[in-house]
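Engineer: Fold the following.
(one chain, ligands or ions: 1)
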Amino acid sequence: MSESSNRPPLSLSPGQWSFTRWSTIGQLEALKVHHPLFKAVICLQGAHLTQFTPQDEKGWLWLSNAARFESERAIRGGIPVCWPWFGDPKRNAPEVRKRILSDKAHGFARTALWKLEDVRENAHEVEISLSLDATEDFSDQWSGHAIALITFNFSVRGCQIALTTTNLSPDPLAFSQALHSYFPTSDITRTRILGLGNSDYIDTLDHWQYRNQEGAVYFDGETDRIYESGEPLTIVTPGGSRRLRTVGSDSTVVWNPGAEKAARLSDFPNLAWKNMLCVETANAGGDYRVLSEGQSHTLGVLIGRM
Ligand SMILES: O=P(O)(O)OC[C@H]1O[C@H](O)[C@H](O)[C@@H](O)[C@@H]1O
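Structural biologist: Modelled structure (predicted):
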């Protein structure tokens, strides 16, 4: 990572910011937040949060050692924004699929350049908003007309993210999405997720069959599931626990690639599957959303302490 370059956006006066600085990471422009209570990094490409670290703590998000910060390349780790569709286009509901003109997984927002809208700071928190206008520029990939606004709120309590989609077209808009959060663990085999017991889930690794979760979720190999639940969760790792609370979500994706898939993944060290897991706040599977003209939907997550 290079040092801060202090380049202000045209619309905001740099003097207003005490804790946030422009920076460049590889080929990407980023905002680095150095607040006395926490640090955070957001890349403008993808509105991608790659780091959130409260003072005197380890980072709360996992970022691959092999992550590459390049134009039009998804960053491996942090919180990619999957929008306006989640996963393989072919696996989306027909209503969502009919707008997708690409075979790319997870939509185009994670590699698109977002626009900085606002930075607000005080002694306790920092709030940063970015927007993506998906009206004309993405017409080769998607036939929707929508705008996405994402707001990150950082404080000593944790990190809160809200992603609001507004349909600008007279036609109804069906879309799917996820805040694809990567979390660290010192040992995936001693990691569990509480709060999904009794939920139905789609096991994408077993012919997309429905199953029911008994008790906590444990990891013993490749795991890739869409849970029909947006209830509060706790991720328990040997090093500590994180609590997740969501808004506007009735689905949660749980993913760990396991050894074999890890070897095939881009920008992912072969053994890194032992030290990460994804718990994704989603509108996926049957939980896609439909907006009428001018209507908005907010998907959000609060990643907090126990
Ligand atoms: O490699 P990516 O496109 O970033 O996708 C990474 C993973 O994302 C989600 O969790 C999906 O459920 C997985 O099937 C996929 O492998």
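
Engineer: got the residues of the stretch 51-200 of the chain near the ligand?
Structural biologist: Within reach of the ligand by CB under 6 Å from any ligand atom, the stretch 51-200 of the chain has these residues: A74, G87, A105, H106. (Glycine included, C-beta is placed from N, CA and C.)

Engineer: Buried ones only from those residues, please, as a ChimeraX command.
Structural biologist: Remark: buried members of those, expressed as a ChimeraX selection using 16 or more other CB atoms under 10 Å:
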select :74,87,106
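
Engineer: farthest-separated two in the residues of the stretch 51-200 of the chain next to the ligand?
Structural biologist: Within those, A74 and G87 form the most distant pair, 13.4 Å apart (CB to CB).

Engineer: what do these two both touch?
Structural biologist: Jointly contacting A74 and G87 under the rule CB atoms under 8 Å, 6 or more residues apart in numbering are H106.

Engineer: Now do the same for W273: helix, strand or coil?
Structural biologist: Put simply, W273 is helix when judged by DSSP: H, G, I helix; E, B strand; the rest coil.

Engineer: What separation do you get for it and P54?
Structural biologist: Distance, W273 to P54, using CB to CB, to the nearest Å: 26 Å.

Engineer: Between those two, point out the one with more neighbours.
Structural biologist: Neighbours per residue (other CB atoms under 10 Å) separate W273 from P54, with W273 holding more: 23 against 20.

Engineer: Of all residues in the stretch 51-200 of the chain, which one is closest to the ligand?
Structural biologist: A105 (4.5 Å; CB to the nearest ligand atom).

Engineer: Does that residue touch D88 like I think?
Structural biologist: Yes: with contact defined as CB atoms under 8 Å, A105 counts as touching D88 (5.5 Å).

Engineer: Mutual contacts of the two, please.
Structural biologist: When CB under 8 Å, 6+ apart defines a contact, no residue borders A105 and D88 alike.

Engineer: Give me the neighbour count for the closest residue to the ligand within the stretch 201-306 of the chain.
Structural biologist: Distance from the ligand to each residue of the stretch 201-306 of the chain (CB to the nearest ligand atom) is smallest for W255, at 3.4 Å. For W255, the neighbour count with other CB under 10 Å is 20.

Engineer: Provide a list of residues in contact with the closest residue to D200 other than its chain neighbours.
Structural biologist: Nearest non-adjacent residue to D200, counting by CB to CB, 6 or more residues apart in numbering: E228, 4.9 Å away. Listed by CB under 8 Å, 6+ apart, the contact set of E228 reads S199, D200, Y201, D250, S251, G285, G286, D287.
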